[in-house]
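[1] Task: produce atomic coordinates for the following.
(chains A, B, C and D)
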Number of protein chains: 2
Amino acid sequence: MLSKKTKYGLKALTFIARSEGDLPLQVAEIAKQEQIPQKFLESILLTLRKAGILGSKKGKHGGYYLRETPEDILMTDVMRVLEGPIAMVPCVSLNYYEKCDDCVDEELCSVNKLMLQVRDSTLNVFRNTTLADLSHPKG
Amino acid sequence: MLSKKTKYGLKALTFIARSEGDLPLQVAEIAKQEQIPQKFLESILLTLRKAGILGSKKGKHGGYYLRETPEDILMTDVMRVLEGPIAMVPCVSLNYYEKCDDCVDEELCSVNKLMLQVRDSTLNVFRNTTLADLSHPKG
DNA sequence: GTAATCCCTACTAAATTGATAGGAATAATA
DNA sequence: TATTATTCCTATCAATTTAGTAGGGATTAC
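    Sure, this is the predicted structure:
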């Protein structure tokens, strides 16, 4: 299952991308428009900012904005920040590889074999989808 | 993350497929060979039997066996039994479709748009992979 | 009738998820 | 400078899920 965190994060990013204004958008407004608990959204946007996907401005009239244009924001990056590793098992993870304790030979392991294919096909989707693709009505 | 249940289930199925004997295999032996807690594996194999993927024989010299040849056992079926719906959100699920409470227009929803693609690509892998593919050293 | 095996139910500890609460720090503006 | 609006940070918490464990009933081979 996709976590609420990721779901909310994607919705928020799309909302910001669609706004296209120069002004930063406030958590309160995004939360209201997208029906997301405000405090929860606050922590999610903070995560996205720390990851370099969003920028922020503090104080009155502050808020969040995209660091790059939607066309340049890849889902690989967004999903890794929000949902964690794309691979479903560490032994097929590109960025967080870890050998299984039990596994004697990875090449013989059926779990490894199957999940490697799933990772590749999912990665292919994320690598070819930008925030712009998700933000346009048709696409 | 892939659950241990699914991981163990896949390993057990592969183990059975590789054995190829006429005799049913016992939980105790599979558990020992694949380093899986026996009682846990028991409940997993029971699930697979109830789903029609495994058959069982009770009593002394009993055990589990495949209901079909490995070539005919598709990962779509196995994964749905072990891990649940393949879609990461109910609104893109083929078999368990459910509309989101909040979502006004699914065609505008970025989460829907992205997860639909992920579902399709994952489904494509599972539909084209059989237990036989996972059981052979090369493949 | 005994031993080996699957079958079934119930319970539990640990981790994760989806929040909520409270306030500190910062910036605009009157 | 005081006020207000906002992000930033830490801590806490309830519900759910996961990964098992425990105990014994039912069935079959021998």
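[2] any idea how far the residue in chain A that DNA strand C sits nearest to lies from residue A:6?
    Of all residues in chain A, residue A:59 sits closest to DNA strand C, at 2.2 Å by Cβ to the nearest atom of the strand. Bear in mind the C-beta positions are built from the backbone N, C-alpha and C, glycine included. Counting by Cβ to Cβ, to the nearest Å, the gap from residue A:59 to residue A:6 is 29 Å.
[3] All the helices of chain A, in order from the start?
    A:4-19, A:27-34, A:38-50, A:75-83, A:110-127, A:131-135 (DSSP state H).
[4] list the buried ones in stretch A:122-131?
    Going by neighbour count (16 or more other Cβ atoms under 10 Å in any protein chain shown), the buried part of stretch A:122-131 is A:122-123, A:125-126, A:129-131.
[5] Could you pick out the residues of chain A near DNA strand C for me?
    A:1, A:3-5, A:37-40, A:43, A:57-62 (Cβ under 7 Å from any atom of the strand).
[6] mind running it again at 6 Å?
    Applying Cβ under 6 Å from any atom of the strand, we find that chain A lies next to DNA strand C at A:3-5, A:37, A:39-40, A:43, A:58-61.
[7] For these, pick the one with the most neighbours.
    Counting neighbours by other Cβ atoms under 10 Å in any protein chain shown, residue A:5 leads those with 15 neighbours.
[8] what residues are up against that one?
    Contact partners of residue A:5, counting by Cβ atoms under 8 Å, 6 or more residues apart in numbering or on different chains, are A:40, A:44, A:82-83.
[9] Residue B:66: which of those residues is nearest?
    Within the contacts of residue A:5, proximity to residue B:66 (Cβ to Cβ) peaks at residue A:83, which comes in at 34.3 Å.
[10] Identify the residue spatially nearest to that closest one, adjacent ones excluded.
    With Cβ to Cβ, 6 or more residues apart in numbering or on different chains as the measure, residue A:6 is the residue that lies nearest to residue A:83, at 4.6 Å, once sequence neighbours are left out.
[11] Pull up the per-residue confidence for the one you found.
    Predicted confidence (pLDDT) for residue A:6: 98.
[12] From residue B:131, how far off is the residue lying farthest from the centre of chain A?
    Centroid-distance maximum for chain A: residue A:104 at 33.5 Å, with Cα atoms, centre = their mean. As for residue A:104, its distance to residue B:131 is 20 Å (criterion: Cβ to Cβ).
[13] now swap in residue A:63 and tell me
    Residue A:63 is 52 Å from residue B:131, by Cβ to Cβ.
[14] ok so, going back, just flag the most distant two among the residues of chain A next to DNA strand C.
    Once Cβ to Cβ is applied, the residues of chain A next to DNA strand C give A:3 and A:60 as the farthest pair, at 32.2 Å.
[15] Now that we have the helices of chain A, can you turn them into JSON lines and tack on distance to residue B:96?
    JSON lines is the format used below for those (distance: least, Cβ to Cβ, whole Å):
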{"stretch": "helix A:4-19", "distance to residue B:96": "17"}
{"stretch": "helix A:27-34", "distance to residue B:96": "24"}
{"stretch": "helix A:38-50", "distance to residue B:96": "25"}
{"stretch": "helix A:75-83", "distance to residue B:96": "20"}
{"stretch": "helix A:110-127", "distance to residue B:96": "19"}
{"stretch": "helix A:131-135", "distance to residue B:96": "23"}
